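J.: next come a sequence and a model predicted from it.
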Amino acid sequence: MNRRKAREYALQFLYRFDFIGPKKSRLKEDSLKAEFRVFMTESGVKDREAAEFAEAIITGTMANLKELDAELQKRAQKWKLSRMASIDRNIMRMAAFELLYRKDIPAAVTINEALEIAKKFSTSESASFINGLLDSIAKDSGK
């Protein structure tokens, strides 16, 4: 299984959700998994393990979205979460979920994956900003 690819799928799905907006979205907790499966089918994903890992990231991130956003906002000095680029915001949400709720994944791995995905999907400046916030969460979580 390619976990980076799974994280990229999760990012694309969360970006789609963020773009639609929570109030306009059809994505309620009970239909989140079904919507994700449709997304994965439309994307042509065949790797079942990657799909399962991506689904775990998505459902965990969405279930804890308010807490994750509060953690990110607390550390984003002089930046409102709503004003950040959607790609960056969702990379940080996913990674914050892993740091706070997935004790089976080392912090260094989570942060490195987030930075590599940011370099691929966002700007070069985003990586250092994302690194600072995630490093702060990792230190505070004791990971």
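T.: Thanks, I have the structure now. Numbers count the residues shown, from 1 in each chain.

J.: from F13, how far out is the residue nearest the centre of the chain?
T.: Taking C-alpha atoms, centre = their mean, the centroid of the chain lies closest to M94, which sits 2.2 Å from it. With distances taken as C-beta to C-beta, to the nearest Å, M94 is found 10 Å from F13. Backbone N, C-alpha and C define where each C-beta goes, glycine included.

J.: can you check G132 too?
T.: From G132 to F13 the distance is 25 Å (C-beta to C-beta).

J.: rewinding a little: test my guess that the residue nearest to the centre of the chain contacts I57.
T.: Yes: between M94 and I57 a contact is recorded at 5.5 Å, counting by C-beta atoms under 8 Å.

J.: now list whatever residues contact both of those two.
T.: Residues within reach of M94 and of I57 at once, by C-beta atoms under 8 Å, 6 or more residues apart in numbering, are 7, 10.

J.: show me where the protein has helices.
T.: 3-20, 29-43, 48-63, 65-75, 86-101, 107-121, 124-141 (DSSP state H).

J.: got the angle for the helix or strand bottoming out on mean pLDDT in the chain vs helix 3-20?
T.: When each helix and strand of the chain is scored by mean pLDDT, DSSP states H and E, helix 29-43 comes last, with a mean of 77. Helix 29-43 and helix 3-20 are oriented at 120 degrees to each other (axes from the mean of the first three to the mean of the last three C-alpha atoms, to 10 degrees).
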